[in-house]
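J.: Here is the input, now give the coordinates:
(4 chains)
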Protein chains: 4
Amino acid sequence: MGTLNIGLVGYKFMGKAHSHAFRDVSMFFDLPVKPVMKVLCGRDEKSVAESARKFGWEEYVTSWEELVQRDDIDLIDITAPSNVHKEIVLAAAQNGKHIFCEKPLALTLEDAEQMLQAVTEAGVKHMIGFNYRRVPAIMLIKQMIDSGKLGQIYHFRGTYLQDYVIDPSFPLVWRLRKEIAGSGSLGDLGAHTIDLARWLVGDFHEVIGMSETFIKERPLPTEMTGLSAKSSLDAEMGTVTVDDATAFLARFKNGALGTFEATRFAAGHRNMNFFEINGSLGSVRFDFERMNEMEYYSTEDAEGYQGFRRIQTTEAVHPYMQAWWPAGHIIGYEHTFIHEMKDFIESIVEDRLPEPNFRDGVECQRVLHAVEKSIDNRTWVQID
Amino acid sequence: MGTLNIGLVGYKFMGKAHSHAFRDVSMFFDLPVKPVMKVLCGRDEKSVAESARKFGWEEYVTSWEELVQRDDIDLIDITAPSNVHKEIVLAAAQNGKHIFCEKPLALTLEDAEQMLQAVTEAGVKHMIGFNYRRVPAIMLIKQMIDSGKLGQIYHFRGTYLQDYVIDPSFPLVWRLRKEIAGSGSLGDLGAHTIDLARWLVGDFHEVIGMSETFIKERPLPTEMTGLSAKSSLDAEMGTVTVDDATAFLARFKNGALGTFEATRFAAGHRNMNFFEINGSLGSVRFDFERMNEMEYYSTEDAEGYQGFRRIQTTEAVHPYMQAWWPAGHIIGYEHTFIHEMKDFIESIVEDRLPEPNFRDGVECQRVLHAVEKSIDNRTWVQID
Amino acid sequence: MGTLNIGLVGYKFMGKAHSHAFRDVSMFFDLPVKPVMKVLCGRDEKSVAESARKFGWEEYVTSWEELVQRDDIDLIDITAPSNVHKEIVLAAAQNGKHIFCEKPLALTLEDAEQMLQAVTEAGVKHMIGFNYRRVPAIMLIKQMIDSGKLGQIYHFRGTYLQDYVIDPSFPLVWRLRKEIAGSGSLGDLGAHTIDLARWLVGDFHEVIGMSETFIKERPLPTEMTGLSAKSSLDAEMGTVTVDDATAFLARFKNGALGTFEATRFAAGHRNMNFFEINGSLGSVRFDFERMNEMEYYSTEDAEGYQGFRRIQTTEAVHPYMQAWWPAGHIIGYEHTFIHEMKDFIESIVEDRLPEPNFRDGVECQRVLHAVEKSIDNRTWVQID
Amino acid sequence: MGTLNIGLVGYKFMGKAHSHAFRDVSMFFDLPVKPVMKVLCGRDEKSVAESARKFGWEEYVTSWEELVQRDDIDLIDITAPSNVHKEIVLAAAQNGKHIFCEKPLALTLEDAEQMLQAVTEAGVKHMIGFNYRRVPAIMLIKQMIDSGKLGQIYHFRGTYLQDYVIDPSFPLVWRLRKEIAGSGSLGDLGAHTIDLARWLVGDFHEVIGMSETFIKERPLPTEMTGLSAKSSLDAEMGTVTVDDATAFLARFKNGALGTFEATRFAAGHRNMNFFEINGSLGSVRFDFERMNEMEYYSTEDAEGYQGFRRIQTTEAVHPYMQAWWPAGHIIGYEHTFIHEMKDFIESIVEDRLPEPNFRDGVECQRVLHAVEKSIDNRTWVQID
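T.: Numbers count the residues shown, from 1 in each chain, chains lettered A, B, ... in the order given. The predicted structure is shown next:
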């Protein structure tokens, strides 16, 4: 069996999740090639060395420019902040590497389109980290919709609720700075919901949104880990330049109506990535905090016995679950990344483009862009 | 103890609910006056006679014009379709009757304002049937917000989901005809959510909405009861002239963001009047299908022990519940009307204006009007 | 249409619930006879007079001995404490009255059997207040089991959890005194579960139980209302003579296994009358705190789409619900009594014995008796 | 940093879970020593070789007798069926290996005691696989009880419900044969509940139980994987020699009452390891199907605002969760094994006995033994 050598850029929250995925994917899935955790890349030598050892990478480097040129690397995986995605992608594509890139693809639609063009011209395989598509319950919903179980879709209702910055003293982390993150709740959370809506319901026709930054000044951080951070009591204040919350209305091309909300100010919601879809034959509901379940209502159940069913998507017949534990034994957040890597690796070996790829990243960016424009111009904006 | 003589217009779904309220209110609450079920009014003599007997009314009449002029009537209660509210209110006010009117107050904002002016000039007491305010759990939420338990409000998220017309063969009932109902999902369902949002969060600043009629032609009905109806197989088709679904975004004057959705096309939702409010100190959630409960999250609970609490609002300390059963024994939909009548009767005796009154009806209508205008003009519309 | 004159003994918690049932039953159901709230009976003249006025009774008396002899009374309804059930029943039967009696039928099995014999010999109709059978969701479950939807029953799991006496300073109310209540959690709560198990699963074969009185001494009460009560700080203490909690195992004659638990010491459970039944073809679950719902799992749903469905039993096709509100609009605790009275009145007019009747009361008492004996003797006890 | 060499016996369901734990534990936790996946042991050479490669073991062997004698092995981990636990443990202890053993420790109490004696005399560290103790939510409950948050414990209510053998055509797998599994639902599922009850509530005083084998004959299997299995249509039938379901009552030494039920015949329950504990100051509830949550009710919450809180145990302050993902991002079944191995490895390095160890295995076996005796003798059996 051949090998596929990985070079991963970034080793924080996402870098750790991806490292774990490469570490475990071949234990649970029969892959046509063996992924090798070759090189971890990060700017701080001490930290990246420590992470490489801990996560199980063979080597580490501090320069992604060097990494993307190495002949012994087949796949570049990018988990660095959004503002550096573009240059890494362009260089990696130029060097003929397959590329996995975390979402959002870029800070602007123009950048995203340029990146898509680069990978397309280079003829490399590319995938984007809309990992929620790899939740078995959501994959099941996709199969249900495709097979007509919901009939004509009338409504998509997506709310991605968090509360981790609700405390006004929470520091001004990079995710709250437009120049690095590109966007706040919309790009971070809403992008996931937009991608799911596109995938499950279809293309967007038009949108109109509103957004708000509830806490406009925050102390500068002294330390950041994962999503948490610390500040000192006498810290200087800085300006929050992204949205704390964004909501928008949408019409899909197929006539469905969509409502979207992303916020980091919903007390009590740690990570409620929720959506509901109502169709002419039934409805489905999903909440990521209970990611091993979904609810399904069918108008075709017998009268008097209709109701939302709580389906535990932990059975061998459910997407990806054959590989895991007996029914009723749940999987966790990190498994979505394992599923991504399984699918990406298989697509590379089988020489086909996986989904979601940079095209999906561009289309998501197009919607994000339209939402932002609709907010700025206070008017409906059509997609395309 | 004195008496208060009631004249009720309408004897269908709402008329039955109101009749029951008058029948039971004095059994459970100590009222300062005895409500007397004097006269039931309806156009079809046979039906109204039958209903009067069954519901316990002393008499029936077929002319509301006659009813509002009777000297032995103190309170006119109007549950007839929205398109006749105005003329009855004006006549009843002119005759010095106290008036309870079901929502929506009128078909247009102008009519609503005229009705408010009439009752104000007549000096009579008036109340509008936003009965959800009388759900103990919602009244508790109002008390919590007023006492600061939620802190500054950031988000209101209201969805009123039904599915009773999702079947395309469901007949063209009066609720689907603009000339009688005035509006569809927005006025019927959304009006409740708007009133709750105004009451709980505060005044609206601006709105923008979208709406859709998914099924544009339906068979004419042969029979209607409550919300259900029948048609014949060879029925002629008629045009649906109201919205099947409406969603809108809102900004409140205090800076909070609101998302609203009302639909009759959400399969599996019989009557999910749901809302959630997120504030700086906590959140609350409510679903009318489980109206004896609410969920409450407090940021002030100890770290590691925070979570949404399911509070059963069935205890003697909860609003109105002292009158009912021991804790854990729930009440139903019709109790909201009993609570309305208790409060209205008390306000009449104590010579003060109850809430919600026609002023609230007008303000709700103002928001409905703005939403409709925003849909027609495809632009944000400010509420005065 | 004829009339049926009611005489009700007792006017506290249960007396109020029954009064309300008689008051409302003919408004919502088409009865073949008109129930007349003739006489309310209670020992304290002032209180019973006040209650009679408030509840809508034509008269009141203070002697049940007198009441049962009145020629103008057709039906005697007994909601007085359990220790007086027997003598009232015997006298009422002797006078040819139809009898409704609250559960438990009597303090001992012997008394219960004697009461059954009396009503049988007198040829009067009799019913016992196992009101949970009249919850639409439970009636639906009965229909499902009878029609084979659950297949062969393997398990019944019933827990009736309350917490209203968990505070050690809660007074020694009559429900905690064996000489009046006969039994504690077992007879008060467990009796309901036993009746439901008998009805839904079938006859008991054998039982073994355990019980405990966690708080053995309590202050004497100064005031009692419904389930609540007050005491003074310097109150004398008295001994609790009933069980705070009882659990038992059971085998049914059809081979099913049953587990039962009744307690007043389950913090957080106001009135969780819960049961689950597992059969070869499916399962059902019910919790009285959400009495307008049930959960249903079918092994016959398609693979991968199986799950417990939350069925809202508020539709016209559900038992009793045709009479109430549109789907999604719930009913409350008191409606179970209305349904009881509807069925009892109909059975009287149609000259047939309703269910549950005193025979069911005796059978329940037989199980209670066996459980108590199994606790005393620390051994399995067979029923019969 | 030193190393700790592992030898694992068994490579099926549990062997895979343990392999994964060793593979990942040092990526997420800072261990004082590096665990090395040295040798995998299984009887079928082809299969064990394949598993060793896939799971990441350096070598494989087919003889545990050889394995336990190797000098380069520090820790023997036993996931083979229960009937071979004893001889492996005795041999491993004799060779001075630290031992992790899956539950149940042995087929009989005598064997379990002998095993405890062997490891004690050998002075090796030992741990038993009651992995549910390593669920963060359950560990939190333990901390809550120890710190007095629940007050005096009144009730423990444990139900472990599965349905994977409910189909009568499901084959006669080894878990259904007494000579290999020792016990059915009781030993497999009930053992977990018993261990949790002992740990959380305290020692058992006495028990009485009942059990049933609903399906007495089943086809012999042709294939077994994890918990699933296949058979051929013309398979011979064999006799099920273990219990399909067992329930028992218990009294704890501290006066609490316990009810226990374990079944493989609860349709719709894939793996519902549920328990609830009621104390004088509050209650907790846990369901393994939603293992990242627990519910907590406190009697000390303000009146009117009391209710069960859904706590997501995914925050850094929750046991083990600092090592994982941001709040709201859940972990899965396999993480419980990672937590076990972390704790076991640390205890070895720190030269202290971990919990749960073989002593806990013996005590659990003592309760299982008493339950079985109580079933056979139809009488209460005291523990000790």
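J.: so how far is chain B from A:Thr225?
T.: Distance, A:Thr225 to chain B, by CB to the nearest CB, to the nearest Å: 17 Å. Yep, even glycine has a C-beta here, placed from its N, CA and C like the rest.
J.: Correction: the previous question concerned A:Tyr296.
T.: Distance, A:Tyr296 to chain B, using CB to the nearest CB: 9 Å.
J.: Look at that residue and report its pLDDT.
T.: Reported pLDDT at A:Tyr296 in the predicted model: 98.
J.: Same question for A:Ser231.
T.: For A:Ser231, the pLDDT comes out at 85.
J.: Beta-bridge partners for it, please?
T.: Beta-bridge pairing for A:Ser231 (DSSP bridges): A:Pro221.
J.: Could you give the secondary structure assignment for the closest residue to chain C within the stretch 51-200 of chain A?
T.: Nearest residue of the stretch 51-200 of chain A to chain C: A:Leu140, at 7.4 Å (CB to the nearest CB). The assignment at A:Leu140 comes out as helix when based on DSSP: H, G, I helix; E, B strand; the rest coil.
J.: doesn't A:Tyr320 make contact with it?
T.: No. Look at A:Leu140 against A:Tyr320 with CB atoms under 8 Å: they stay out of range, at 9.9 Å.
J.: Quick check: the spatially most central residue of chain A vs A:Ile138, distance?
T.: Among the residues of chain A, the one closest to the centroid is A:Phe130, at 3.1 Å (CA atoms, centre = their mean). From A:Phe130 across to A:Ile138, the span is 10 Å (CB to CB, to the nearest Å).
J.: Identify the contacts common to these two.
T.: A:Leu196 (CB atoms under 8 Å, 6 or more residues apart in numbering or on different chains).
J.: got the contact list for A:Val284?
T.: Residues near A:Val284 by CB under 8 Å, 6+ apart: A:Ile141, A:Met144, A:Leu150, A:Glu276, A:Ile277, A:Met294, A:Glu295, A:Tyr296, A:Tyr297.
J.: Now do the domain split for chain A, please.
T.: For chain A, automatic domain parsing gives the domain ranges A:3-131, A:135-331+A:355-377.
J.: Quick one: the ones you listed as a markdown table, columns for distance to B:Ala49 too.
T.: Putting the domains of chain A into a markdown table (distance: least, CB to CB, whole Å) gives the following:
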| stretch | distance to B:Ala49 |
| --- | --- |
| domain A:3-131 | 64 |
| domain A:135-331+A:355-377 | 34 |
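J.: okay, now A:Ala49: neighbour count?
T.: Neighbour count of A:Ala49, defined by other CB atoms under 10 Å in any protein chain shown: 17.
J.: Could you point out the helix or strand that follows the one helix or strand it maps to?
T.: Assigned by DSSP states H and E, A:Ala49 belongs to helix A:45-55. Next along the chain after helix A:45-55, taking DSSP H and E as the criterion, comes strand A:59-61.
J.: Let me know whether that next one sits next to chain D.
T.: No. Strand A:59-61 is not in contact with chain D by CB under 8 Å from any CB of the partner chain; minimum separation 15.1 Å.
J.: which other residues reach that strand?
T.: So strand A:59-61 is contacted by A:Lys38, A:Val39, A:Leu40, A:Cys41, A:Gly42, A:Glu45, A:Val48, A:Ala49, A:Ser51, A:Ala52, A:Leu67 (CB under 8 Å, 6+ apart).
J.: quick one, the helix or strand containing the second one and helix A:45-55 angle?
T.: Under the assignment given by DSSP H and E, the secondary-structure element containing A:Val39 is strand A:34-41. Orientation note: strand A:34-41 sits at an angle of 160 degrees relative to helix A:45-55 (axes from the mean of the first three to the mean of the last three CA atoms, to 10 degrees).
J.: Any chance you could list what contacts strand A:34-41?
T.: A:1-11, A:15, A:19, A:22-23, A:25-26, A:48, A:51-52, A:55-64, A:67, A:70, A:72-73, A:341, A:345.
J.: Put the buried members of those residues into a PyMOL selection.
T.: This is how PyMOL selects the buried members of these, with burial counted by 16 or more other CB atoms under 10 Å in any protein chain shown:
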select buried, chain A and resi 4+5+6+7+8+9+10+11+15+19+22+23+25+26+48+51+52+55+56+57+60+61+64+67+70+73+341+345
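J.: Can I get the contacts of strand A:59-61 in a markdown table including pLDDT?
T.: Compiled in a markdown table, these are given as follows (pLDDT from 0 to 100):
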| residue | pLDDT |
| --- | --- |
| A:Lys38 | 98 |
| A:Val39 | 98 |
| A:Leu40 | 98 |
| A:Cys41 | 98 |
| A:Gly42 | 97 |
| A:Glu45 | 97 |
| A:Val48 | 97 |
| A:Ala49 | 98 |
| A:Ser51 | 97 |
| A:Ala52 | 98 |
| A:Leu67 | 98 |
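J.: Which among the domains of chain A is found nearest to C:Arg218?
T.: C:Arg218 sits nearest to domain A:135-331+A:355-377 of all the domains of chain A, at 38.6 Å, using CB to CB.
J.: Work out the gap between the closest one and the centre of the chain.
T.: Mean-position distance between domain A:135-331+A:355-377 and its chain equals 9 Å (CA atoms, centre = their mean, to the nearest Å).
J.: First-to-last residue distance for it?
T.: One end of domain A:135-331+A:355-377 sits 36 Å from the other (CA to CA, to the nearest Å).
J.: Spell out which residues of chain A are next to chain C.
T.: Residues of chain A lying close to chain C by CB under 8 Å from any CB are A:140, A:296, A:301, A:303-312, A:315, A:317-318.
J.: Taking these, please make a ChimeraX selection of just the buried ones.
T.: Buried members of those, defined by 16+ other CB under 10 Å, are picked up in ChimeraX with:
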select /A:140,296,301,304,306,307,308,309,310,311,312,315,318
